[in-house]
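Q: Just the structure for this:
(2 chains)
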Number of protein chains: 2
Amino acid sequence: MAEVSTKPYLIRAIYDWCTDSGFTPYIAVAVDDTVRVPTEFVNNGEIVLNISQLATSRLLIDNEAISFQARFGGVPREVYVPMGRVIAVYARENGQGMAFEVPRAMAAPAPRAVQGPAQPPPVPEPPEPPKPASDRPRLTRVK
Amino acid sequence: MAEVSTKPYLIRAIYDWCTDSGFTPYIAVAVDDTVRVPTEFVNNGEIVLNISQLATSRLLIDNEAISFQARFGGVPREVYVPMGRVIAVYARENGQGMAFEVPRAMAAPAPRAVQGPAQPPPVPEPPEPPKPASDRPRLTRVK
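A: Coordinates of the predicted model:
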């Protein structure tokens, strides 16, 4: 039996928890050429996507990838994110969720500058209006 | 809406991952008087339990607790573990899984002695023959 990562199971778990709790599930993605997203919304090699039922159609989270259709600037686009490129899944409302180790893509549009404790750059969230940096995941230890 | 912890969702995720992967799901439990387990198998305030379908009957993992019936020394016993007392869930075969922060119980049968880098004490695994300490969870970062 091919060994499967726990990652898709954990992503589905946080997605279900968000949905059951009335929260909005977001994913942060490290973009490379295996990721299919509107490149105009990629910032520093990353994109943040709302994967709630309201913001997507035909959402599928299987063991290989997260795929769905969503509107970007009113235009429906296909999104495909291989599991290995998901950096985090979390609730927009409180930042709770999980982060994952993802190798930086060599082909990322703009490598993130190495900085100290500075704020992370603002990230676009195309299916909804842009949010302030405080919507970035603030992962907390599971209680 | 009452806020629900992510913990039961993550525990179910690791349980499903173990089952789909052919691994044996184990939980480590910090025993206090809210936990119902055969006390003769508690060691240093903790017990490790096999929660696979083969080792249990009427297994239920809901948002409040993990409950099931299992044989201990050939005798069927009822087990009830409130979510807050689950220290870890992991695959016996490779130790992969998740650990959680659990306050130490004041009423634990025997407080663990403070020690340096000594080996953890051997733990009973009642539904199966005792295993060596190497079966303790070796949690790895999610890839």
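
Q: How many neighbouring residues does A:Pro8 have?
A: 19 (other CB atoms under 10 Å in any protein chain shown). Every residue, glycine included, has its C-beta placed from N, CA and C.

Q: quick one: pLDDT of it?
A: At A:Pro8, the model reports a pLDDT of 98.

Q: ok, now how distant is A:Pro8 from B:Val48?
A: 26 Å (CB to CB, to the nearest Å).

Q: who does the residue most central in space within chain A bridge with?
A: Nearest to the mean C-alpha position of chain A, by CA atoms, centre = their mean, lies A:Ile27 at 1.9 Å. On the basis of DSSP bridges, A:Ile27 is bridged to A:Leu49, A:Val89.

Q: Give me the pLDDT value at it.
A: A:Ile27 is given a pLDDT of 98.

Q: OK, contacts around it?
A: The neighbours of A:Ile27, taking CB atoms under 8 Å, 6 or more residues apart in numbering or on different chains as the test, are A:Ile11, A:Val48, A:Leu49, A:Ile51, A:Ile66, A:Val81, A:Val86, A:Ile87, A:Ala88, A:Val89.

Q: Just put these in CSV and tack on neighbour count and pLDDT.
A: Converted to CSV, the contacts of A:Ile27 look like this (neighbours: other CB atoms under 10 Å in any protein chain shown; pLDDT from 0 to 100):
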residue, neighbour count, pLDDT
A:Ile11, 24, 98
A:Val48, 26, 97
A:Leu49, 27, 97
A:Ile51, 22, 98
A:Ile66, 25, 98
A:Val81, 23, 98
A:Val86, 25, 98
A:Ile87, 16, 97
A:Ala88, 22, 98
A:Val89, 26, 98
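
Q: ok, so of the residues you listed, who is nearest chain B?
A: Nearest to chain B, judged by CB to the nearest CB, of those is A:Ile11 at 8.6 Å.

Q: And what about the closest one, helix, strand or coil?
A: Put simply, A:Ile11 is helix when judged by DSSP: H, G, I helix; E, B strand; the rest coil.

Q: That one touches A:Ala88, doesn't it?
A: No - counting by CB atoms under 8 Å, A:Ile11 does not reach A:Ala88; the two are 9.5 Å apart.

Q: which residues do the two both contact?
A: Residues touching both A:Ile11 and A:Ala88 (CB under 8 Å, 6+ apart): A:Ile27, A:Met98.

Q: And the strands in chain A, which stretches?
A: Here chain A has its strands, by DSSP state E, at A:25-30, A:46-50, A:56-61, A:65-72, A:75-82, A:86-91, A:97-99.
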